[in-house]
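Student: could you work out the structure for the sequence below:
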Amino acid sequence: MFVDEVQIRVTAGKGGDGSASFRREKHVPRGGPDGGDGGKGGDVVLVADEGMNTLLDFRFKSEYRAEDGAQGGSAKRHGRGGADVEIRVPLGTLARDADTGELLADLAEPGARAVVAHGGKGGRGNLHFTTSVRQAPTFAENGEPGERRALHLELRLLADVGLVGLPNAGKSTLLSTVSAAKPEIGEYPFTTLVPHLGLVRVGDRSFVMADLPGLIEGAAEGKGLGHRFLRHAGRTRLVVHVVECKPLDGSEPLDNFRTVLKELEAYSEDLAQRPAVIALSKCDLVSTEEASGICEVLRSATSLDCFPLSAATGAGVQEFLFALDKRLQELPKPRPEVAPAPSSAEAAVEERGGFVIEREEDGFVVRSERLERLIQRVDLDNDEAVGLLQERLGRSGLFEALREHGASEGDTVTIGRFEFEYLEDD
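Tutor: As a prediction, this is how the structure comes out:
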């Protein structure tokens, strides 16, 4: 079964908590703090696998979680880092954040890897919090939570050449003739229900050809099957319009070509403008002169090269393949899509100290990933740790910014899932 879109949930590992321990050895007075750091949480990593060609497996398993980091120990022992979880996906998979639509990765190269959820940092042990006035800290940091997100995975097959055309135009027969691919072939429309790939060898070179389900008029609006799979033509470097030379319904080859081109334009102007050629199929059903005449009509009307051929007899096929190979050598390789850089608004937030304050009816909401992470790592049951947190929040400029926004004694301040009561300095 061919599946080219799925949604999964991934959770990276939590960082291990730091240790609040003290050195206790005979004859070593005032041994001091010796708590080790927690280990980093494992990442969730997507890996492009050439041996996969569908996202079907994710229909049966859609939750993935990396291992948590281990807690730090006494005697400055650091916790072990959590193991990453690797998720193998087909070559050509796009990964997006399902909630925002942000592109996270385009796995278009064999073995390509992309971290889609980062493990949390390990918490620091109490050894890190000694100062001249705090010589025996009784607290350590908690480990950061790992990232969690829903992912939308979309497979776009990687093919150098894409075959497009009306149903029953001869695309599948052509692919099965020039490669080892074995798509279903029949004398009825929509025999091909899913895309098929085949490796075509020309001399000492090769290229990948994709047979896409047939298009009909209105495909871009959802009619037929082809519109579901047009995304797979998006990565092809060369489009081959397979046009039947003598349709059984009496239609004209040029009209059929224009029908398919119209659907490509409706789906994507870029796809419609992609380098293209015409393969005039089933030419064994007409005379050589008639096939040449039809090709000439198509060339004149479209300015595209036209190749009369017969997959059934092999006539014209080798010349066609050599022409495709030559054309492909002239065309650049497609580049993977690139994840967008942070927006100017996000950059501005960082410049202002990494937080945004919003006034609401019941208080103030502070939006800041950095401050959320800071609070998550604090043991809020330890007064000493809370005191250090207040110092850090003050140094971040948060309290001054709250005063500028009109905060007064007793107002509720929310940062992520944490709520605090705002108190004026004494």
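Student: strands along the stretch 51-200 of the chain, start to end?
Tutor: Here the stretch 51-200 of the chain has its strands, by DSSP state E, counting those that start in this stretch, at 63-65, 85-90, 93-97, 103-107, 113-117, 148-155, 161-164, 196-202.
Student: redo these as JSON lines? Include mean pLDDT, mean neighbour count and distance to Arg367.
Tutor: Every residue, glycine included, has its C-beta placed from N, CA and C. Shown next, in JSON lines, are these (pLDDT from 0 to 100; neighbours: other Cβ atoms under 10 Å; distance: least, Cβ to Cβ, whole Å):
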{"stretch": "strand 63-65", "mean pLDDT": "97", "mean neighbour count": "15", "distance to Arg367": "27"}
{"stretch": "strand 85-90", "mean pLDDT": "96", "mean neighbour count": "19", "distance to Arg367": "30"}
{"stretch": "strand 93-97", "mean pLDDT": "93", "mean neighbour count": "21", "distance to Arg367": "18"}
{"stretch": "strand 103-107", "mean pLDDT": "92", "mean neighbour count": "20", "distance to Arg367": "21"}
{"stretch": "strand 113-117", "mean pLDDT": "95", "mean neighbour count": "19", "distance to Arg367": "21"}
{"stretch": "strand 148-155", "mean pLDDT": "94", "mean neighbour count": "19", "distance to Arg367": "18"}
{"stretch": "strand 161-164", "mean pLDDT": "92", "mean neighbour count": "27", "distance to Arg367": "45"}
{"stretch": "strand 196-202", "mean pLDDT": "88", "mean neighbour count": "18", "distance to Arg367": "46"}
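Student: which of those strands sits closest to Glu289?
Tutor: Closest to Glu289 of the strands of the stretch 51-200 of the chain, according to Cβ to Cβ: strand 161-164, at 26.2 Å.
Student: contacting residues around the closest one?
Tutor: Applying Cβ atoms under 8 Å, 6 or more residues apart in numbering, the external contacts of strand 161-164 come out as 171, 174-175, 200, 207-212, 215, 226, 232-233, 236-242, 260, 264, 279, 324, 328.
Student: out of the residues you listed, list just those in strands.
Tutor: If you go by DSSP state E, the contacts of strand 161-164 have Val200, Phe207, Val208, Met209, Ala210, Asp211, Leu238, Val239, Val240, His241, Val242, Ala279 in strands.
Student: pLDDT weak spots in this protein?
Tutor: For the chain, applying pLDDT under 70 flags the ranges 1-2, 27-30, 181-194, 214, 216-229, 336-353, 425-426.
Student: domain map for it?
Tutor: Domain assignment of the chain by automatic domain parsing yields the ranges 5-155, 161-330, 344-421.
Student: ok, back up a step: now the strands of the stretch 51-200 of the chain in CSV, with distance to Thr54?
Tutor: Shown next, in CSV, are the strands of the stretch 51-200 of the chain (distance: least, Cβ to Cβ, whole Å):
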stretch, distance to Thr54
strand 63-65, 18
strand 85-90, 7
strand 93-97, 11
strand 103-107, 15
strand 113-117, 19
strand 148-155, 7
strand 161-164, 18
strand 196-202, 11
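Student: among those, which is nearest Phe418?
Tutor: Proximity to Phe418, assessed across the strands of the stretch 51-200 of the chain by Cβ to Cβ, is greatest for strand 148-155 (17.4 Å).
Student: run the angle between the closest one and strand 113-117 for me.
Tutor: Angle, strand 148-155 to strand 113-117, by axes from the mean of the first three to the mean of the last three Cα atoms, to 10 degrees: 140 degrees.
Student: list the contacts of strand 148-155.
Tutor: With Cβ under 8 Å, 6+ apart as the contact definition, strand 148-155 has outside contacts at 3-12, 54-55, 58, 89-90, 92-99, 101, 104, 116-117, 231.
Student: if you set the cut-off to 6 Å instead, what comes out?
Tutor: Strand 148-155 is contacted from outside by 4-11, 55, 90, 92-98, 117, using Cβ atoms under 6 Å, 6 or more residues apart in numbering.
Student: verify the stated contact: Tyr267 with Arg231.
Tutor: No - when contacts are counted by Cβ atoms under 6 Å, Tyr267 is not listed as touching Arg231 (8.7 Å).
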